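[1] need coordinates for the following:
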Amino acid sequence: METATSGYPVQPYRVPVKRYCQTLDLRDAPELIAEYRRRHSPAEAWPEILAGIREVGILEMEIYILGTRLFMIVETPLDFDWDTAMARLDTLPRQQEWEEYMSIFQLVAPGMSSAEKWKPMERMFHLYDQQP
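    Model prediction:
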């Protein structure tokens with residue numbers, strides 16, 4: 001069983017990939033956080049949203065949670081352009097509805113797109129860059 005302390009397997013790809021890391025805060029209300037988690041479960045996630053994420057070229061998306069803080073990892077092919085993909089995602093069926101649906105849980109302004117809500121994080125350490 002996968003847990004926060006046992007680790008999570010990483011999907012292998014046949015092509016080189018790059019990673020985007022982003023963060024977003026939820027409202028500090030346990031009942032809202034529980035509902036946010038439920039709405040992201042396999043049984044509740046909207047198929048159109050999952051299809052749209054894949055359609056714009058995203059290979060993998062993971063969201064981690066600690067308290068009210070969300071951390072998202074997005075893996076894409078090396079030639080992926082974030083701005084182009086997010087602009088396209090914003091036009092896909094039900095995407096605006098999904099963003100509005102999720103915004104009641106998130107500390108965001110009404111009407112924000114996914115690209116506006118999730119804030120990119122800067123990598124400040126990379127083990128492979130360190131000398132042994």
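[2] so for this protein, the centremost residue is which one?
    The C-alpha lying nearest the average C-alpha coordinate of the chain belongs to M72 (CA atoms, centre = their mean; 4.1 Å).
[3] beta partners of that residue?
    Beta-bridge partners for M72, by DSSP bridges, are Q22, I63.
[4] kindly report the same for the one 4 residues further on.
    For T76, the beta-bridge assignment (DSSP bridges) gives partners K18.
[5] isn't it up against V56?
    No: contact between T76 and V56 fails when scored by CB atoms under 8 Å: they sit 9.0 Å apart. (C-beta placed from N, C-alpha, C; glycine too.)
[6] any shared contact partners between these two?
    A85 (CB atoms under 8 Å, 6 or more residues apart in numbering).
[7] which SSE is L70 in?
    Take DSSP states H and E as the rule and L70 turns out to sit in strand 69-77.
[8] list the helices and strands that strand packs on?
    strand 17-25, strand 60-66 (3 or more CB pairs under 8 Å, 6 or more residues apart in numbering; DSSP states H and E).
[9] look at the closest residue to L26 other than its chain neighbours and report its pLDDT.
    Excluding the flanking residues, the one nearest L26 by CB to CB, 6 or more residues apart in numbering is T68, at 4.5 Å. Note for T68: predicted pLDDT of 98.
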